[in-house]
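[1] any chance you can model this:
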Amino acid sequence: MAALVVDKMGFRGPNKAEVGLTACFATIFLVQRICRTRVLILHDEVCVVNALFTYSVARDVVAQVFVDAAGNLKLKTTSGEEIYVAAYSGSLIDHFVGSSDRAAEKIRQHVKMKTATSRDSAVRRGLAVSWLSDVWLVAAVICAIWTATGNVVG
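    Now for the predicted structure:
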């Protein structure tokens, strides 16, 4: 895929290898970020890890878990906020397999479990940290700098 990108960009100079490496590393970074999305069902909360952000929602704050018409899994909080779950985003495979519906049912079962009232009634949002994919981003940036300095010097 990266080779096709390099060919379309028209790089025919001496730094073709560096541009190819940059494109490969950037592609791996994007794929890693997208493929590492998930839903974690923890003791008193549901944690949604999307490509860029992580949402920690206390169990008693989840008002509704539903799959919309497009097949996207979403959590609705008691304050009315909707949290999109990228891991279950209504793909063609999901249309036949029904993984979004099964995930929604598992989350509903977890939310219905009775426990003590949570100390945190707000949705906590933070950046999703993925060291494995971020290593590829650093490699892509280093290769981009290498390519830029190679074009200027050479």
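[2] tell me which other helices or strands the one helix or strand Lys106 maps to touches.
    Lys106 is part of helix 99-112 when elements are defined by DSSP states H and E. If you count contacts as 3 or more C-beta pairs under 8 Å, 6 or more residues apart in numbering; DSSP states H and E, helix 99-112 packs onto strand 38-41, strand 45-49, strand 62-67, strand 72-77, strand 82-89. Any C-beta I mention is one placed from the backbone N, CA and C, and that applies to glycine too.
[3] so what touches the helix or strand just after the second one?
    Put plainly, it is strand 45-49. For strand 45-49, the succeeding helix or strand toward the C-terminus, using DSSP H and E, is strand 53-58. For strand 53-58, the surrounding residues in contact (C-beta atoms under 8 Å, 6 or more residues apart in numbering) are 44-48, 75, 77, 83, 118, 120-121, 123-128.
[4] tell me how far Val123 lies from Ser133.
    In this view, Val123 and Ser133 are 24 Å apart by C-beta to C-beta, to the nearest Å.
[5] ok, Val46 next?
    In this structure, Val46 and Ser133 are 23 Å apart, going by C-beta to C-beta.
[6] just to check, Val67 is in contact with Leu73?
    Yes. Shown here, Val67 and Leu73 form a contact pair, counting by C-beta atoms under 8 Å, at 5.5 Å.
[7] what about the residue nearest to Ala63 when sequence neighbours are not counted, neighbour count?
    Once flanking residues are discounted, Ala63 sits nearest to Thr78: 4.7 Å by C-beta to C-beta, 6 or more residues apart in numbering. Thr78 is flanked by 14 other residues according to other C-beta atoms under 10 Å.
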